[in-house]
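Visitor: Give the three-dimensional model of this entry:
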Amino acid sequence: MELAVYKSCSFAEKREVLGVFWRSIVAPSPKIGEAAVQYGEAAIPFLVVIALEVAVLLVVAIVRSYGTLWIVLAVALEALALSAIWRARQRLAALRSPLPS
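Guide: Model (predicted):
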């Protein structure tokens, strides 16, 4: 997981990187585009870990019968984590693909 370009960005550039990665802001500079790819490569494993942690909480809530509210909350959080993984993979693939000429 190499984040050299991302780490070299200023605070404003890092905000732009987040915009490029999560909000599909078009026409990033080469530096921002490379930093967004590096950010995505680092973000996806962390999102997977979060999804696994929430899955464990969901299983515990079901096994111990903590109640419908906790189970519904865990299911909602798991859906959010999985949708974030899906979106991050989609954006990373889009950033890696060459732009159409």
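
Visitor: quick one, strands of this structure?
Guide: Ranges of strands within the chain: none, based on DSSP state E.

Visitor: Spell out the residue ranges of the helices in it.
Guide: Counting by DSSP state H, the chain has helices at residues 4-8, 11-23, 30-63, 68-96.

Visitor: Let's have those helices in TSV, adding mean neighbour count and mean pLDDT.
Guide: For every residue, glycine as well, the C-beta is placed using N, CA and C. Below are the helices of the chain laid out as TSV (neighbours: other CB atoms under 10 Å; pLDDT from 0 to 100):
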stretch	mean neighbour count	mean pLDDT
helix 4-8	14	89
helix 11-23	16	90
helix 30-63	16	92
helix 68-96	15	92
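
Visitor: Excluding its own residues, what touches stretch 48-59? List them.
Guide: Under the contact criterion CB atoms under 8 Å, 6 or more residues apart in numbering, stretch 48-59 has outside partners 71, 74, 75, 77, 78, 81, 82, 85.

Visitor: Return the closest of those residues with respect to residue 64.
Guide: Comparing the contacts of stretch 48-59 against residue 64 with CB to CB places residue 71 closest, at 10.3 Å.

Visitor: So the closest one sits against residue 60, correct?
Guide: No - using CB atoms under 8 Å, residue 71 makes no contact with residue 60, being 10.2 Å away.

Visitor: so what sits against both of these two?
Guide: Counting by CB under 8 Å, 6+ apart, nothing touches both residue 71 and residue 60.

Visitor: Contacts only, for residue 9.
Guide: 17, 31, 32, 35.

Visitor: er, residue 61 actually
Guide: 67, 70, 71, 74.

Visitor: Also residue 33?
Guide: 20, 95.

Visitor: quick one: it from residue 6, how far?
Guide: Distance, residue 33 to residue 6, using CB to CB, to the nearest Å: 11 Å.

Visitor: likewise residue 15?
Guide: Counting by CB to CB, the gap from residue 15 to residue 6 is 12 Å.

Visitor: Repeat that for residue 95.
Guide: Distance from residue 95 to residue 6, by CB to CB: 13 Å.
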